[in-house]
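Colleague: Here's my sequence, what's the structure:
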Amino acid sequence: MSEEVKLHKNEGMKAASRQLRGTIAEELAAPHTPGQKPFGDESEQLIKFHGSYQQDNRDHRHEKNPDGTPKGKEYMFMVRTRIPGGKVTARQFLSELDLCDRFGNGTLRITTRQGFQLHGVLRENLKQTIRTINDIKLSTLAACGDVERNVMCCPAPIHGNSVRREMQEMADKVAEHLKPRTTGYYEIWLTDENGEKTNVADTFQPVEEPIYGATYLPRKFKTAFALPEDNCIDIYTNDLGFLAIVEQGRIAGYNVLVGGGMGVTPSAKKTFPAVARPLCFVTPDQVVSVAEQIVKVQRDFGNRSDRKLARLKYLIANWGIEKFKAKVEEYYGRPLAVPKPVDVTDVDDHVGWHEQGDGKLFLGINIENGRIKDEGSLRIKSGLRAILNKYGMNTRLTALQGVILCDVAPADKGAINGLLHEYGIPAAEDLTLIRRYSIACPAWPTCGLAVTESERALPGILDEMEAELARLGLKDERIAVHMTGCPNGCARPYTPDIGLVGKAAGEKYTIFLGGNAQGTRLAYIFKDMVPKEIIVPSLAPVFARFKEERHNGESFGDFCFRLGKEALAPGAVEVDA
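Modeller: Model (predicted):
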């Protein structure tokens with residue numbers, strides 16, 4: 001970047017932070033009163049690198065004291081656990097459930113990136129929460145912030161051949177290699193009580209950050225691994241993707257995809273969602289190094305003056321893919337092969353009972369919007385506790401916010417089905433595909449960026465969609481619905497069959513159509529500023545046309561893409577890519 005370019009204030013903050021320490025430790029040790037902002041502005045930004053967001057309960061913002069004075073904001077924290085590939089032991093899962101009861105709001109959330117989130121953690125419990133997560137051999141470091149975040153990978157524990165094991169092991173290697181090296185995280189959160197009284201600033205010893213340097217990345221960076229026949233992690237929505245190329249039952253290498261990203265700022269017309277583009281083919285021995293060089297190119301040339309334009313997709317849009325590839329080759333030190341003629345063909349939610357290939361079974365359980373809780377007759381939290389305590393199996397978290405129970409002995413299948421029924425947890429055959437393939441971000445009341453509801457709104461919208469599809473005889477169609485409470489796109493709403501994006505106060509949304517469940521293309525705007533109560537009535541005529549005019553075997557997303565925005569909604573606005 002030229003010296004004349006004025007850097008964003010966050011860049012100076014990161015440079016002066018002593019490798020992400022800032023004054024977090026001092027502020028944690030200082031006295032604090034309820035209603036007071038827990039951290040100052042700079043620490044509020046820095047703790048994201050440590051896996052936490054400072055939030056407040058927006059449902060309670062306007063509540064008053066008995067004397068009529070405002071109560072003030074009810075501050076709390078979201079704590080995110082970074083779990084490459086979503087691999088979690090029974091002990092780790094049960095410990096996170098304990099944490100949500102002990103320090104959170106009584107719920108545990110599976111994220112759309114295969115991690116865990118605790119919501120409602122108070123300042124006085126923040127350190128103990130993070131320490132406990134590390135005690136169970138997990139971490140919150142780099143779950144958020146301007147670094148490589150959780151590396152995603154298809155979680156299915158299929159052992160019939162070595163392909164998935166090889167891919168999952170490679171995802172682990174990349175995640176470990178791209179992890180920040182700073183020791184500040186351990187000094188702040190993992191010291192004992194005597195260490196807590198130590199001024200971290202007095203003991204600061206910088207370590208080398210060979211990948212991130214002094215100011216880390218311009219913005220967050222996301223990476224994922226997938227198979228062509230199973231893009232369950234939405235590889236095209238990531239900054240960096242590795243699509244496995246399988247030859248003779250082994251992974252011969254990966255097509256490297258770059259420049260995906262969902263975030264949009266409506267007030268900034270220069271921003272846009274993008275799907276990743278093919279860059280090159282790499283053999284397994286090249287993966288870690290090529291990933292590092294791509295991150296370094298983004299580190300050195302990504303936009304550090306305007307955070308709205310700081311993701312890798314904007315660098316590639318400005319440079320073009322050929323110039324970007326040339327720069328990666330320069331950093332790597334040799335040419336990179338052209339991509340193989342292989343692309344994504346399908347997706348699997350892994351819900352239901354499946355053979356593992358080693359004589360055991362795995363069970364995928366749909367968790368609506370990832371929220372593990374007990375509510376009425378649906379007692380997911382208690383049910384998972386009972387199953388994990390009794391059988392102690394390993395688990396996997398999915399990008400569709402579900403959980404997979406691994407290594408189940410066939411003799412235990414009936415008893416586990418009985419426990420699911422006892423706790424009201426629906427079996428795969430009891431769920432429509434539209435519900436199984438739906439995801440939503442948290443939005444209100446915890447996310448400060450939300451302009452509408454999402455997680456709390458989607459179940460009711462799906463009820464209406466299911467009724468309409470059943471009326472038309474379409475209830476068995478696989479239609480992916482992703483919903484977010486703002487355009488930032490955490491639930492990847494710009495690539496599925498139907499995307500619902502919060503647009504304005506008063507529960508108004510933008511409806512996107514024409515993507516697909518495989519996540520290989522961007523959707524277009526069907527209608528904008530649609531009140532929540534007329535989302536399904538707005539879609540009903542499209543469902544009806546789909547029934548009458550579809551080609552044989554054509555999916556809903558493909559139908560909408562084929563007809564186009566003008567045929568379905570004259571005057572619709574296209575999303576720039």
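Colleague: Residue 514 touches residue 566, doesn't it?
Modeller: No: the criterion here is Cβ atoms under 8 Å, and residue 514 misses it with residue 566 at 11.7 Å. Yep, even glycine has a C-beta here, placed from its N, CA and C like the rest.
Colleague: These two - which one has more neighbours?
Modeller: A direct count of neighbours by other Cβ atoms under 10 Å for residue 514 and residue 566 places residue 514 higher, at 29 against 11.
Colleague: check contacts around that one.
Modeller: Residue 514 makes contact with 521-524, 526, 557, 560-561, 564-565, according to Cβ atoms under 8 Å, 6 or more residues apart in numbering.
Colleague: For it, give its distance to residue 257.
Modeller: For residue 514, the distance to residue 257 equals 21 Å [Cβ to Cβ, to the nearest Å].
Colleague: same check, this time on residue 543
Modeller: In terms of Cβ to Cβ, residue 543 sits 32 Å off from residue 257.
Colleague: Look at those two and report which has more neighbours.
Modeller: Taking other Cβ under 10 Å, residue 543 and residue 257 do not tie; residue 257 has more neighbours (25 against 18).
Colleague: Wasn't the more buried one part of a strand?
Modeller: Yes: checked against DSSP: H, G, I helix; E, B strand; the rest coil, residue 257 lies within a strand.
Colleague: Tell me which residues touch it, please.
Modeller: Counting by Cβ under 8 Å, 6+ apart, residue 257 touches 235-236, 238, 240-243, 276-279.
Colleague: how about these in a markdown table, adding distance to residue 366 and pLDDT?
Modeller: A markdown table is the format used below for the contacts of residue 257 (distance: Cβ to Cβ, whole Å; pLDDT from 0 to 100):
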| residue | distance to residue 366 | pLDDT |
| --- | --- | --- |
| 235 | 22 | 98 |
| 236 | 23 | 98 |
| 238 | 23 | 98 |
| 240 | 28 | 98 |
| 241 | 25 | 98 |
| 242 | 27 | 98 |
| 243 | 26 | 98 |
| 276 | 27 | 98 |
| 277 | 32 | 98 |
| 278 | 32 | 98 |
| 279 | 34 | 98 |
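Colleague: Please flag which of those residues sit within strands.
Modeller: 240-243, 277-279 (DSSP state E).
Colleague: List only those of these flagged as buried.
Modeller: Those of these that meet the buried threshold are 240-243, 277-279, by 16 or more other Cβ atoms under 10 Å.
Colleague: among the contacts of residue 514, which ones are buried?
Modeller: 521-524, 526, 557, 560-561, 565.
Colleague: Please flag which of those residues sit within strands.
Modeller: Going by DSSP E, the strands hold 524, 526 from the buried ones among the contacts of residue 514.
Colleague: Tell me the one of the buried ones among the contacts of residue 514 nearest residue 425?
Modeller: residue 557 (28.9 Å; Cβ to Cβ).
Colleague: Touching, the closest one and residue 480? I think so.
Modeller: Yes: using Cβ under 8 Å as the test, residue 557 is close enough to residue 480 to be in contact (7.4 Å).
Colleague: Pull up the overlap in contacts between those two.
Modeller: Common neighbours of residue 557 and residue 480 (Cβ under 8 Å, 6+ apart) are 496-498, 515-517.
Colleague: What's the ChimeraX line that selects buried ones from those residues?
Modeller: The following ChimeraX line selects those of those that are buried, judged by 16+ other Cβ under 10 Å:
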select :496,497,498,515,516,517
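Colleague: Tabulate the shared contacts of residue 557 and residue 480 (TSV), appending distance to residue 18.
Modeller: Supplementary listing: the shared contacts of residue 557 and residue 480 in TSV, determined by distance: Cβ to Cβ, whole Å:
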residue	distance to residue 18
496	42
497	47
498	46
515	44
516	46
517	46
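Colleague: residues near residue 214, how many?
Modeller: 12.
Colleague: Against residue 431, how distant is it?
Modeller: For residue 214, the distance to residue 431 - Cβ to Cβ - is 49 Å.
Colleague: try residue 317
Modeller: Taking Cβ to Cβ, one finds residue 317 at 39 Å from residue 431.
Colleague: just residue 560 next, same as before
Modeller: Counting by Cβ to Cβ - residue 560 and residue 431 are separated by 23 Å.
Colleague: ok, now residue 8?
Modeller: 44 Å.
Colleague: how far does stretch 308-324 sit from the chain's center?
Modeller: Computed by Cα atoms, centre = their mean, to the nearest Å, the chain-centroid distance of stretch 308-324 equals 22 Å.
Colleague: Give me the buried positions along it.
Modeller: Neighbour counts over stretch 308-324 (16+ other Cβ under 10 Å) mark 308-317, 324 as buried.
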